[in-house]
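1. Dropping a prediction and its sequence here:
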Amino acid sequence: MFSVDLGGGATLRPLEPWQASEFLTHMDRARATVDPWIPWASRSPDLDGARATLRRYADLQARDAGRICGIWLGETLVGGTMFVSFDADSGIAEVGCWLEPAATGRGLITTACRVLIDWAFRVRGMHRIEWHCRPDNVASSNVARRLGMKLEGTLRENYPWQGVRHDTEIWAVLAADWQ
């Protein structure tokens, strides 16, 4: 297992199915703020749901099509980042993230996403990394900006949540632009 020091007592580590109980405890603290942005938050309401979410990402990683990593502050899981999709053949991946309220304002998401993106470009040879977020998720679009991504467009009403369709902004950075 690897662990990347994010500074300030935080680490980035793999998040795996055997950690479903810890993930569920974290989701119980984070669900209200995560659910509007990440669809699996509401699909992880109990231990079986949490385990299924983490198994889905384990299956994606086994197929080289995605992965999930947790962010721990000390010994407490407080958030994470993931490749929602990862297509090595096309060189295109989508990175995503989440964080519980108690851990915000420390730069953890920006630092953790930078680690994943840097790995994707430098180690895996990816060409393009995308970031999808709703326009009203200002914190998310601010991270995309800090990562050097450019807003490329908006998909109108493509994301249904609680009976309402929302727009999705598409941000991206290319390997040639990555610093």
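-> On my side now, so go ahead.
2. Contacts only, for the residue nearest to residue 46 when sequence neighbours are not counted.
-> The shortest distance from residue 46 to any non-neighbouring residue, by CB to CB, 6 or more residues apart in numbering, is to residue 24 (7.0 Å). For glycine as for every other residue, the C-beta is placed from the backbone atoms N, C-alpha and C. The contact partners of residue 24, by CB atoms under 8 Å, 6 or more residues apart in numbering, come to 44, 46, 47, 49, 50.
3. would you say residue 24 is within a helix?
-> Yes: judged by DSSP: H, G, I helix; E, B strand; the rest coil, residue 24 forms part of a helix.
4. Format the contacts of residue 24 as CSV; extra columns: neighbour count, distance to residue 96 and secondary structure.
-> Converted to CSV, the contacts of residue 24 look like this (neighbours: other CB atoms under 10 Å; distance: CB to CB, whole Å; DSSP: H, G, I helix; E, B strand; the rest coil):
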residue, neighbour count, distance to residue 96, secondary structure
44, 24, 15, coil
46, 12, 22, coil
47, 13, 23, helix
49, 18, 18, helix
50, 24, 17, helix
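5. In these, which has the lowest confidence score?
-> Ranked by pLDDT, the contacts of residue 24 bottom out at residue 44, which has 89.
6. residues in contact with it?
-> Per CB under 8 Å, 6+ apart, neighbours of residue 44: 23, 24, 27, 31, 50, 52, 53.
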